Every structure is written in structure tokens, then in C-alpha cells.
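J.: coords below, sequence missing:
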């Protein structure tokens, strides 16, 4: 098979990433360039200079550079689209691509959408039109994460009882990865309920969307496994310090830690395990850590392989929606000041709605933040 690939939302060059973008389109494009079955043929961005710079970087013909993505879809008819725009317009553009009748697969940046209704509709429309819709939860493709899952599935710590995570920045942005990995470790089981609380005293806007300053959430899956998640945008010894690692898997006969936090000059491994019979932690060697642009290469390659083979990709919308549900359930629990039972029935964004109603009044960010 041969696939024509287009990118929507090229952004600026990735030399100076920040709160408005990380030029993820460049990393998506680099991943497609490494695949023989894919040819990058077009791009679109509302800032034409950005699209032109992207086209120059990746050898796209001048005639296939667009400001309007709908014109690009009609003119070029790409089979694969990478969507790298801000979360607030993910759902609108993704649904237009799905309904175009020409796009077979969409790989979208995370988080899914800035409303739960938008995220749910994206997944529904993709299923209805038989379009492969995936989201860039690329950390699943870290060797450390894969190895941790192998240890868990091999019974090295017994039966899984609880999963914990510490997410910098917020549970919407980075926490999208955090919840997704929790679900990955628990075999994609759906959540049953969530109980969360947040602090949002200082405006924390990333890629155009609100993120709380601090959060703590407890939840339970339908199979009885429990979760504990924290976020802290200031990294100042807040909730994330209580967990003290990227992810922790607690079983009936031991514990696995990914990205444990050290004290002082202590150097700790990316992955370690302590079985009930062990006196000390055992370091597990892995090929890479928890952060790396190469994970996007692996994610894109797997998406394309699944498209060609007609298989269900693990980065698919159904799995992403399970993680997204827990994000919005946390905020909804904070708004209700009580437990939220799942499935989640809201359509909006509870954090944004609390800000708009005045229930939360974060101090506005300054221009240099």
C-alpha cells in the first residue's frame, strides 16, 4: 500500500517550544518520512508563512501548501492526516476530515478535545465512518513502559491492586499521558467512579486551554483496581511529591516504579521493581527512558501498520476516550464536591465552565509566562 499524507496545523519551527505549541507537526512529518509506504504531499496552516516553512523543510510542492484545510482535503485527497492544532479545534477539524469521504486515518495530537462532548463525538463519528482515529499518547512506546507491562503481565508483582501517577503541568495536558498509561497497565478496563479536588488560583493556559495548578484524584476501575493521580504545575513539593514517581504499580506481591524520584544526588533507574520477597529494589535495564521524540516514530509506524493490516490500533479513539473521561470526571467531581459515577454524562469542560461562571478566579497570566 501507498499512502498520501497531509498535515493540518504545521506550527512554527521547533527551535523555541512553549505554551503555544511544540511544533509537533515536524515530529509527525519526520516519522512519516521514515516509512516507505507514506509520502508527505500537503500541509495547511492558517498562518501561511508557517505552512511555507514546513513545506520547505519537507519538500512539499508549493501548489500543495494551503491556509484552509478544507480546500486541501478537496484538492489533494490525502489518505492519512496528522492533526496538530490546539485542542479547542481538534473535534471540529477531525470530524470534517472524517466526513470528507477521502481520509482513511487521522493521527491527532493529545489531549483529545477541550470538551468531553467533543471528544465523544470524534470517537463516534470515526466509528460510524470507519475512519481510523488515533491520538498521540506516544509514551506507551517507551521501552521502559513496555518492559514494566511485561513484568506486570508476567506476574512479577502478583495481581495489580493500585496504580499511581504524578503529572507535572496538569491532568489535561501531561495528565492525558498519565491516565492513558494507567489504562494501558490495567488492560484498558473502563473506570467506575472518580473523586477529585483541584486548586486553580493562578491561570495556567497551555496550547489555548486551561489546566489546574494542582489536583488529586482517586478512582476505581470496573475490575476493582484503584487509581491515585496527582498534578502540580509549579513542581514545588506539592501533590506530585506525595507520589514521588512517574507511575507506580502496586500488586499483591510487590511494586514496580517508573521514573522514581531521587533525593539529592541520588541517581535512580528509569524502571525498578521490588517483589515482596526482596530486601532492596532491583534496577531493570531498558533501552530508553520515559521521554523521547523517537516514541512518535514508533507510534506513527504502528498506526500505519494497523491501517494497512486492518487491525485495531492501541492508540485508537476508544482507548483515548477512556483516559479523557477520567480527566473531565476529575474536574466534574471538583465542581460537584462529590464522587462522580461513570460513564460520564456531561458534554462540556467543567474547569473552563467554573472559570467562566466565576466559581474559580485564577490570577491572569502575564505576557512573559
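T.: Great, that's in hand. Every value quoted in this text rests on a predicted model; they were computed, and no experiment measured them.

J.: and the gap between the nearest residue to residue 226 once chain neighbours are set aside and residue 334?
T.: Spatial nearest neighbour of residue 226, excluding adjacent residues (C-beta to C-beta, 6 or more residues apart in numbering): residue 162 at 4.6 Å. Where you see a C-beta, it was placed from the backbone N, CA and C, and this is true even at glycine. Separation of residue 162 from residue 334 (C-beta to C-beta, to the nearest Å): 22 Å.

J.: ok, these two, which is more surrounded?
T.: Between residue 162 and residue 334, counting by other C-beta atoms under 10 Å, residue 334 is the more crowded of the two (25 against 15).

J.: now do the SS call for that one.
T.: helix (DSSP: H, G, I helix; E, B strand; the rest coil).

J.: hang on, it packs against residue 196?
T.: Yes. Using C-beta atoms under 8 Å, residue 334 is in contact with residue 196, at 5.3 Å.

J.: give me the domain ranges for the protein.
T.: Using automatic domain parsing, the domain parsing of the chain gives 3-139+293-316, 140-283.

J.: for those, which one sits closest to residue 322?
T.: Counting by C-beta to C-beta, residue 322 lies closest to domain 140-283 out of the domains of the chain; the figure is 5.2 Å.

J.: end to end, how far does that closest one reach?
T.: Distance between the two ends of domain 140-283: 20 Å, counting by C-alpha to C-alpha, to the nearest Å.

J.: quick one: mean pLDDT over that domain.
T.: The average pLDDT for domain 140-283 rounds to 93.

J.: what of stretch 324-343?
T.: Rounded mean pLDDT across stretch 324-343 is 98.

J.: with stretch 54-64 instead?
T.: In the prediction, stretch 54-64 has an average pLDDT of 97.

J.: now that stretch, how far from the chain's geometric center?
T.: The chain centre lies 28 Å from the centre of stretch 54-64; the measure is C-alpha atoms, centre = their mean, to the nearest Å.

J.: one step back: and the residue nearest to residue 226, which helix or strand is it part of?
T.: If you go by DSSP states H and E, residue 162 is part of strand 160-168.

J.: okay, the angle between the helix or strand that comes right after that strand and strand 160-168?
T.: Remark: after strand 160-168, the chain's next helix or strand is helix 174-185, criterion DSSP H and E. Per axes from the mean of the first three to the mean of the last three C-alpha atoms, to 10 degrees, the angle that helix 174-185 makes with strand 160-168 is 160 degrees.

J.: buried ones in the helix or strand just after helix 174-185?
T.: Helices and strands here follow DSSP H and E; after helix 174-185, the next one along the chain is strand 191-199. Buried residues in strand 191-199, counted by 16 or more other C-beta atoms under 10 Å: 191-192, 194-196, 198-199.

J.: so what strands line up beside strand 191-199?
T.: strand 214-221 (antiparallel), strand 340-341 (antiparallel) (DSSP bridges).

J.: what's the closest of these to residue 291?
T.: It's strand 214-221; of the strands paired with strand 191-199, that one is closest to residue 291 (C-beta to C-beta) at 21.3 Å.

J.: which is the next helix or strand following the closest one?
T.: strand 226-232.

J.: list the buried ones in that next one?
T.: The neighbour-count criterion (16+ other C-beta under 10 Å) identifies 227-232 as the buried residues of strand 226-232.

J.: so where does residue 313 fall, helix or strand?
T.: Assigned by DSSP H and E, residue 313 falls within no helix or strand.

J.: residue ranges of the helices in the protein, please?
T.: Taking DSSP state H to define them, one finds helices in the chain at 24-33, 48-58, 69-76, 90-99, 116-129, 143-153, 174-185, 239-243, 294-309, 317-336, 350-357.
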